[in-house]
Each structure stands twice: as structure tokens, then as C-alpha cells.
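Trainee: Quick one: sequence plus predicted model below, questions after.
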Number of protein chains: 2
Amino acid sequence: MGRLPWLLCCLFLSLSLAAAARAATVHQEWEISYQFKSPDCVRKLAVTINGQTPGPTIRATQGDTVVVRVKNSLLTENVAIHWHGIRQIGTPWADGTEGVTQCPILPGDTFTYTFVVDRPGTYMYHAHYGMQRSAGLNGLIVVAAARGGPDAEPFRYDGEHHVLLNDWWHKSTYEQATGLASVPLGWVGEPQSLLINGRGRFVNCSAAAAAGMTCNATLPECAAPVFAVVPGKTYRFRIASVTSLSALNFEIEGHEMTVVEADGHYVKPFVVKNLNIYSGETYSVLIKADQDPNRNYWLASNVVSREPGTPTGTAVLSYYGGRSSPRKAPPTTPPTGPAWNDTTYRFRQSVATVAHPAHVQPPPPRADRTILLLNTQNKIDGHIKWALNNVSFTLPHTPYLVAMKNGLLGAFDQRPPPETYAHQGYDIYAVQRNPNATVSDGLYRLQFGSVVDVVLQNANMLAANKSETHPWHLHGHDFWVLGYGIGRFDPAVHPAAYNLKDPILKNTVAVHPYGWTALRFKADNPGVWAFHCHIESHFFMGMGIVFEEGVERVAQLPKEITGCGMTKGGH
Amino acid sequence: MGRLPWLLCCLFLSLSLAAAARAATVHQEWEISYQFKSPDCVRKLAVTINGQTPGPTIRATQGDTVVVRVKNSLLTENVAIHWHGIRQIGTPWADGTEGVTQCPILPGDTFTYTFVVDRPGTYMYHAHYGMQRSAGLNGLIVVAAARGGPDAEPFRYDGEHHVLLNDWWHKSTYEQATGLASVPLGWVGEPQSLLINGRGRFVNCSAAAAAGMTCNATLPECAAPVFAVVPGKTYRFRIASVTSLSALNFEIEGHEMTVVEADGHYVKPFVVKNLNIYSGETYSVLIKADQDPNRNYWLASNVVSREPGTPTGTAVLSYYGGRSSPRKAPPTTPPTGPAWNDTTYRFRQSVATVAHPAHVQPPPPRADRTILLLNTQNKIDGHIKWALNNVSFTLPHTPYLVAMKNGLLGAFDQRPPPETYAHQGYDIYAVQRNPNATVSDGLYRLQFGSVVDVVLQNANMLAANKSETHPWHLHGHDFWVLGYGIGRFDPAVHPAAYNLKDPILKNTVAVHPYGWTALRFKADNPGVWAFHCHIESHFFMGMGIVFEEGVERVAQLPKEITGCGMTKGGH
């Protein structure tokens, strides 16, 4: 062995040891309970963590082990918490997806989630059971890059702020879910408020009070959040959207934003005035505090992609040392964002999001398997459902992971859902009857280590001239975003234009109205993983699928994830 | 063997065989789900059975086996159903009491309750999990006497009507429970409506509509129930109260009622104009349809024992062949019942309820053990609680039955709660601080076959000059009601006046304001049995205890009742 390799080896060894020495355990003790909260000044029962919604931000450093002890103190309701964006390598049972990776946590039970945060970036957590996420159980995960490691940030900043975006209804999630399952469908309507860090302001407090609700616009709990900056400094804003329905457009009045991170991956920097962010996505942007420090500026969150029925969500940017009180409303009207139906504008931002040149992880050059998924809205026995290739997804009551690991045949439909649809003859712009629509809890079994392409094709809904944006989220993986298009995807044509050079890795991606999105991932994480539209009501109505890969390589399951369905009573 | 015994033996055998031949199985398939219902014309989410609240009436004959297959189709919420008044002899695991006899039924799960209805009478069923009963999950059980058997009714009637009484709030049970657990306590207030067979009428529909609720006074769903009678005939009205809070007074305008049954036992008939009925109680009364058939009459349910904040609940009695349309409101104002605070009047009715002379089952002459329970309202860490002997009950998360049968030490506090309190010095009329109040899930272990006396002593609440009525319900048994008193119970004095001659057997009994009630039962039903105030919020706030007896004699537990707490994952 020559001197150089030996030195390199030593260097590597000491770096590894240093990393190991640095790796810490981040403990959290959480009690989940119902509390009366007033996020938008209107009093409502919310599912809280230690009495708060959103819950505490989990702060960790790359390589750390996060241990969250969750005590369910809801009275009659179970819970499960998903760590959105964390791949759970080696710990697929900690993904927190009820029906997929675990049985729900019963009232009175304590369940401990233990997982490694192996990559730096901005992530989130939220309930993954029924429509509980909408009830307030959500928060941020912020993972710092290991110091001096290969994932160190390719950008500099002086300070950091966190922005968690949400939408909020005054009706309970039970009412929402019961309406969605009813014939005819009962729709809860557009959200009453948009929240920033769990705070909003219902516009008509006196009307709310007249309608029997308790509304108090002077509560500190619903005061606009203030983000303070020092003149001349650069700030990283970590922005996450945990909305149940809304696609959002975010801006900081008077300040351009340089996009540098998406879903935990470094982006080739690009500058925007308005950032489109879909439910389940996270971004980091840099802003320079270079404006007049003597006034405040709006942070604004606006609905896009659906005709907005919700006023702008606002917060305040305030300069230290300026002459304006931090809590003073800016002198302007809050920005209302771009036209809600400007799909082209949003499409372009999607396409602009590619990997940072110094952090490109090239995708495998070709896929072993391609799954074409047509996203449609169907009517089944009078119920309005979402479906993929005319199969509307329903969760089994024995989690797949447990069922497959323990050989519990009969826990779910063993017939795999369809790989494709009759794409050549399909008019995505027409209202289609799709009479063969069915419901199934079958899943896609992937060969371990194989490369899988998925193309999500959007289409017209049940109403004429209507197609929505669907943010699709994959558990257990990041995927390369190979391409987007508007119109019908043609497998003979469009793959030729895939971006194989510098595609961004993400865990959540938008499928635009009447559009398609192509993504690629490696099925190399043993486990069972959900892949679904991150709009809470859409997943509830069947808009999801599930992948299995290498389940035989999964270590022995903790028995704490069992106890429901076919594993009731210890089967 | 002489001829007579031999003949008697033959007779007994053939009777038994005949009974066995008659015994049938009554099957029910239930799906529990949330539905929007308008019991009092105001739209509200309710927990329903097959889409209905109340659920279907279970009709069976003495000796039948009832099999109810319960599918939980709630989204995120568990369920458990108690068969109130059924002793579950040999099937203690089917009592449906979450935390005591079973783990709750998870969403998606199906649980089958199988039990024998061994005695004729009027019973009920309802959820026994959290405060779910208040959400609408309740109904009647009507068991006919075996024809020609020893339990044949000692009275005659031409027809039968069923009356299920309830109280109803517009706020959800989640809101109610969260308020009760909060500091300071958030009280939901008096019920908005009193329901008869699941129907009522909110008095101010336009105000409700203005307050953001959907109220439609013309819905058939909330039309007053009509009870039709043929002139000259005698009717049995089976009346049950499943209220969450309210003590009620029931009357049928212009018609005297002869009380003939209480909680499945035949009563020495007595005539009342007004029947007091407490939550968890059932009565049968006979009425003669002997009034002017050309007009209708009110059935009226009024709150007693608390200052009423709820209007009279009403239904209509109508004569066949009369000149009044069945749906026409009677020409009078609905009766408002006796003075709500006339305790003496109600006390007297309690005392008047004794066993029918031909159906006296004399109690054992003396008790092996006497438990004195002081019912107080306490403050623990700022929370308002109810307590017995200063111990506020809390349910464990591993059901006692499973824990004790499987030797799971640590599932609950092994220290037994106190047998008595310092009764000699205790001023039941004073506001007492009770600084030693604690919370516990310990239980009382009874020697199998022993005779147990329990004396429930009522006292002043946290507010001055306030004491409420508490209807106490015992699972797994009927008890003899040995006596009632107003004032402080003195164990040296009052037992001498116990009624050992013809006490009524009941499963639910009232403890009057500042009063005491003494009861006796035989601990001869192997299992674990709750004994608690049947006011939903009171039990939730700690007003209950649990008895164990002969758990070693219980047959092997069905594994379907396990899966929670220490039995999670099959322990």
C-alpha cells in the first residue's frame, strides 16, 4: 500500500469516527390530545401535540437518531404519525402510515418512533390516519447538514426562519370525512383561513360570533407571526406546506427569493418573486434584507390552482432597528399572488427546479419497469372517488408490512392493480364515465433494486372543463423528476425529452391540470411504501397506491406495530 | 324413588327440553358509522347503527342467544357496546365495557357479541367507550318471557309500545369531553333537546339557523312520534332512559300509569301520574286507553333534579277511530311535570318500588362485607372530578378481565380502594375540600359467592347547597335495593330498617340529593364488573368503581377482546 492511499484511508476513518462521535439522539416526549385552539381567532377543537398546533419543530443534525415517544391521550380515537421526507432506511415500521406500516396507536398507548435522519434538509411530520392531519397534528423537521460533510450547503446565510403553511376549516374533520363518504357528496367548501405557523385571522370575526362560534381577534394565539431580520443580512426561509387541500403561492413583499432547496435536495439556484408550493413540499429560499428598514412587509400565502374562496394568509417581515414596530401592519394591502389559474406560470417553476450542479445525483439511465397512472375522478355506486387506472384505493385494516412479513394471505387483495391504461384512445379533456371503476387494496410489488418509472397522467374531472393540481408524495424514497408535460403523455414520444442530466430529487411533486409528470426511483428500500396525492380528501377518496419492495429483507418487526386487523389479539 | 318425585323429574325434564327447543338465536348485523342526522331538527354528526340513531330494537325471548356482529366503520375511532341489564352469565367478555371487559373495537374490525338473555324484561344497549353513548349509539332490548315459564308476566295487556328517552346536545361529544378535562372546566350546558325514540324538536329553529346550524322543523326525521291506541284496550309501555345527564319525569297526559316492571323485575303494582326515571333505568307501565278518543294527548318528558334548561320532550298519544288526526298536536300545552326540586316526591317513588308479591326473591339475610362509598365532587390539580371515598376512578388501558386472567401485573394499581370513609365526622351538607383526593384504577376484589352490601352516600358538591341525583348502575348483576335515606347514613342505625322482605331487584338505582341508598348483591358471577354513575360526564370524571369476583372461574377468553394496553401485539 502506497503512502497516499494509506493517508486517504486514515482520513476517511477519522472522518467516519468523527461523524459517529457527532451523531446524537434527539428525544421528544409527545402527548396527543384534543384542545380548544383558536388558530384563526375562531375557537375550535384541534388535535394537539403537548397542547400545541402545530407541534414542536424537531431539530436534528444529519446522522442523528430521532426518538419520539408518542402518548395517545385522545379519548376514543387512534393516531399514527408520518415523518414526511424521512426515508426510514432500515426502519420501515417507523414510517407512521396507518394501514401500510403500522396499526394505529390506541388511546392510552405509547408508541415510540425511532429513526435516523440521514440527510440534511427541511421536512415535516403529520398524522397519517383518517383525516387527522387536518385536525392540527403537524409540524416541521429541520435537519442540519453534518459539518464539513459532503452534504454541506452550497450557499451561505446569516440567519434562518421557518414557515409552515396550512389551510384551516371551522368544521371538524369528522364532518368533512362523513360528507366525502356520503351520497351525494357533502363538500366542506373552501378553507376559512390560511395559516402561517399555525396562525391566521378569520376575516369576519363578528359574523363568526353571530353564527354561534367563539371568535376573538385580539387573542395573542392568532396574532400574525413576525419574522425579524437585520438589515443587510441574508436569511434562509425554510418553507413547508402541510395543507389539506390548497396549492399555495408564497411571497415576501418587496423581497426576491432565491430557491436553494427542495424536499431536502439542493436546487440550482433560481430567483422568484412568488414561490408555488404544493401540499407535502418543502423549499428553502434565501432573501436579502435589503429594503427600507423603516416599514414592515407582508409575508403572503395565496391559493392557486383552485378558484380561491379563502383570503390571503399573512405574516409580517420586520427589520431590527427600523422605525416600524414589529407588530405593525405593513402600510400596503397584502399581495394577492399571481392569477390562480395561470397554470403555465406554475408549470414553468416546476420545470425550473433542477439539481444544484455540485449536487447532481444522476438517475439510472433507464427503467426496468414503467407504470402509467391515469388520475381520474369516478363515480362508484353513487360515491365520488378518485382512482388510478380506474382503481380507487382503499386501505386494508391489517398493515401491508405486517401482513406481508407474516404471510397473512387474505389481508388484502392479492391481485395487482393495472400497470397502465388505454392511453392511446383516452381523451383527457373529456368528461369520461369510466364505468369499470372499482375499489381495491391491492398493491404493486417491485423487484428489489429495480428502477421504476411512474408517469402520472392528469385528466378531466367529473365536471366539464375542470382538472386540478395533484401533489403526489412517495414514502420511503426520493424520486428523480424526469419531466413534466401538459396534455396526454405518449410513451413513444415524451421519454426522449426526459431530463437525465440534472433532475431534482424530491419526495413530493405536482401533477398539473391536464398534465403529466414522470418520475424515476430505485426500489432499494426494503419495506412497503405509500404513494399518494397529498390532498387529504383526495387520498381519503382513493387517490393513492402502495409499493412493496424487498419485504423479505426487512428485519423482525417490532410487535408494537401489530394488534389490528388480522393481527388482533396476537395473530 | 317414589312416583311423585319421578313424575316431577319427568315434568322438569320435559319443560327443560321444551325450553331448549324453543331457545333461538337472534342475529343482528350492525355497521357503526358517522352520519348526519337531525334528531331534533338540527343537523348534527351522530354515531349510528346501520345509519340510524337510536339503533334497532333487539327483540328476543327469554333463553335466546343474541349474536350481534358489530362492524366498526368509524374512520379513526374505536367502539365498544354494553348490553345494559344483561348479566352475561358465563360470557363476562361480552359485557362491552371498554377497559373493563374488552379492548375497544378498531375501525375496520368486526367484533361479535354473543350472550344469552336469561330473563324477560326491558333492557337497553349503548356505547361504553369514552362519551360515545352521547353521540347516538344506543337502543332497546326487549326480552319476552318464556311462554308458560315461571317468569310469565303477572299482568295482562293488549298491546305494547316502546319509549326510549334521551337528552341531546348540538355540541359534539369531543367538545364536551375536552371541556370536562380542561382547567377550568368547560361545561357544555344543559341539553338542547329531550328526545323520545330519537326524536325531538329544537324550540328555536330560526335561531339555530342564524347561528350557522342547519335546522329544518319540517323534516319527517324529527316529527313527533305517535303512539296509537285502540279505545278500551290496555297497553304496556316499556320505557327506558339512556340520557347522558338528565333525570326525567315521564307522563302520558290524562292517563294514569300502573308501574309493573323495573329493570327486568316485576314490581308490586302502583299507580302514578308521573314516572321518575333515571339514566340507565327501565320501567314498564300499563295504561288503559279510556279517555276521550276524539283528541290526542301528550307524552311528556321533563327534566327533574337539575334546574331545567331544556324544554319538555314530547310525543303524541292518539286513539284509533277517534276524530283527531294522529299527527295533530293535542289541544293542550305539554305537561311540565312536577317541581324539578321536589326531592321528597321522587324519594317516595323510589321507596314505593318493591317486588311483586308473586315474584319476591328474598335477599340473603346478611352481608359478608359492607362497602361504604362517599360520593363527592373534588378538585384535583385544578380538575373537577367525582370520587368515591376520595378516589377518583380512571380506566386502565389493559382491560381488567384480560389483565387478571392473564396475570398481567402492572396493568392497574394493585392497591384496593378504601372500603369506607370517616363517616362519623363527615358533614354531608358542607362544602368539603377533601384535600387527600387521588386518582386510581384500583379495584375491589370480592370473595366468590360472598354477599356484598354497598351503601352509596351522596353529599354536597363543590358549590354550596348543591347535591345532585346519581343513578348508579351495576354490571353483571341485579342488586336488592335495601333502603334509601336522606341525610347521613349511620351503619349502626339504618341497616335495622332495611327492607329484607320484598326489596326490588334492579341494575340501576338513584342516590338522591344528600341521600343514601343501600343495596346488596351476591358476588356469584365470575368476571370483572363496573359499577358507576350512569351520568356520562360523571363516570368520565371518575364516578365509578370496579368489582372482581371469581375471575379464576372464567373460561378461556376470546382473543378478540385483547390487543390493547399490555396485550398490544399479542402479549
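Mentor: Done, it's in.

Trainee: Checking my notes, residue A:401 in a helix, right?
Mentor: Yes: assignment of residue A:401 by DSSP: H, G, I helix; E, B strand; the rest coil places it within a helix.

Trainee: That one and residue A:99 touch, don't they?
Mentor: No: contact criterion CB atoms under 8 Å: residue A:401 and residue A:99 do not qualify, at 9.7 Å. Heads up, the C-betas are built off the backbone N, CA and C, glycines and all.

Trainee: ranges for the strands of the stretch 251-400 of chain A?
Mentor: A:257-262, A:265-272, A:275-277, A:282-288, A:297-304, A:313-319, A:369-380, A:383-388, A:391-393 (DSSP state E, counting those that start in this stretch).

Trainee: Among these, single out whichever gets nearest to chain B.
Mentor: strand A:383-388 (13.5 Å; CB to the nearest CB).

Trainee: mind listing what residue A:343 touches?
Mentor: Going by CB atoms under 8 Å, 6 or more residues apart in numbering or on different chains, residue A:343 touches A:305, A:486, A:512, A:513, A:515.

Trainee: Give me the neighbour count for residue A:207.
Mentor: 12 (other CB atoms under 10 Å in any protein chain shown).

Trainee: Show me the shaky parts of chain A.
Mentor: A:1-22, A:569-571 (pLDDT under 70).

Trainee: what domains does the record give for it?
Mentor: Under the assignment the TED database, the domains of chain A span A:25-144, A:159-352, A:369-567.

Trainee: got the end-to-end distance for the last one?
Mentor: Same thing as domain A:369-567. By CA to CA, to the nearest Å, the extent of domain A:369-567 from end to end equals 33 Å.

Trainee: Quick one: neighbours of the closest residue to chain B within the stretch 51-200 of chain A, just the number.
Mentor: Closest to chain B within the stretch 51-200 of chain A is residue A:108: 3.2 Å, counting by CB to the nearest CB. Residues lying near residue A:108 (other CB under 10 Å) number 19.

Trainee: and it, what does it touch?
Mentor: A:72, A:73, B:396, B:397, B:564, B:565.

Trainee: which SS state does it fall under?
Mentor: coil.

Trainee: how close does it get to residue B:382?
Mentor: For residue A:108, the distance to residue B:382 (CB to CB, to the nearest Å) stands at 22 Å.

Trainee: just to revisit the earlier point, distance to chain B, secondary structure and neighbour count added to the contacts of residue A:343, as CSV?
Mentor: Putting these into CSV (distance: CB to the nearest CB, whole Å; DSSP: H, G, I helix; E, B strand; the rest coil; neighbours: other CB atoms under 10 Å in any protein chain shown) gives the following:
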residue, distance to chain B, secondary structure, neighbour count
A:305, 27, coil, 24
A:486, 36, strand, 13
A:512, 30, coil, 23
A:513, 29, coil, 20
A:515, 31, strand, 25
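
Trainee: between those residues, which is nearest residue A:158?
Mentor: Using CB to CB, residue A:305 comes nearest to residue A:158 of the contacts of residue A:343, at 34.1 Å.

Trainee: I'd assumed residue A:346 was in contact with the closest one.
Mentor: Yes: under the criterion of CB under 8 Å, residue A:305 makes contact with residue A:346 at 7.2 Å.

Trainee: Ramachandran angles for residue A:528?
Mentor: Dihedral angles of residue A:528 (phi, psi; degrees, to the nearest 10) stand at phi -130, psi 130.

Trainee: show me the contacts for the closest residue to residue A:527 other than its chain neighbours.
Mentor: Nearest in space to residue A:527, with sequence neighbours left out and distances taken as CB to CB, 6 or more residues apart in numbering or on different chains, is residue A:92 at 2.8 Å. Each residue near residue A:92 by CB under 8 Å, 6+ apart is listed here: A:101, A:401, A:476, A:525, A:526, A:527, A:528, A:529, A:554.

Trainee: Next, give phi and psi for residue A:92.
Mentor: phi -60, psi -20.

Trainee: Repeat that for residue A:559.
Mentor: Torsion angles, degrees, to the nearest 10, at residue A:559: phi -70, psi -20.

Trainee: And for the one 4 residues further on?
Mentor: The phi and psi torsions at residue A:563 (degrees, to the nearest 10) take the values phi 110, psi 0.

Trainee: quick one: it from residue B:76, how far?
Mentor: 16 Å.

Trainee: So if I had to pick from the two, which one is more boxed in?
Mentor: Comparing residue A:563 with residue B:76 by neighbour count (other CB under 10 Å), the higher total belongs to residue A:563, at 28 against 24.

Trainee: surely that one meets residue B:560?
Mentor: No: contact criterion CB under 8 Å: residue A:563 and residue B:560 do not qualify, at 11.9 Å.

Trainee: returning to that earlier point: quick check, nearest of the contacts of residue A:108 to residue A:153?
Mentor: residue A:72 (36.9 Å).

Trainee: Mind checking which of the contacts of residue A:92 are buried?
Mentor: A:101, A:401, A:476, A:525, A:526, A:527, A:528, A:529, A:554 (16 or more other CB atoms under 10 Å in any protein chain shown).

Trainee: Helix or strand: which one has the fourth one?
Mentor: Assignment of secondary structure by DSSP states H and E places residue A:525 within no helix or strand.

Trainee: Does the closest residue to it other than its chain neighbours belong to a helix, a strand or coil?
Mentor: Nearest residue to residue A:525, sequence neighbours excluded (CB to CB, 6+ apart): residue A:476, at 4.8 Å. Three-state assignment for residue A:476 (three-state DSSP): coil.

Trainee: who in the stretch 301-450 of chain A is up against chain B?
Mentor: A:396, A:397 (CB under 8 Å from any CB of the partner chain).

Trainee: Please repeat the previous calculation with a cut-off of 10 Å.
Mentor: Within the stretch 301-450 of chain A, the positions near chain B by CB under 10 Å from any CB of the partner chain are A:394, A:395, A:396, A:397, A:398, A:402.
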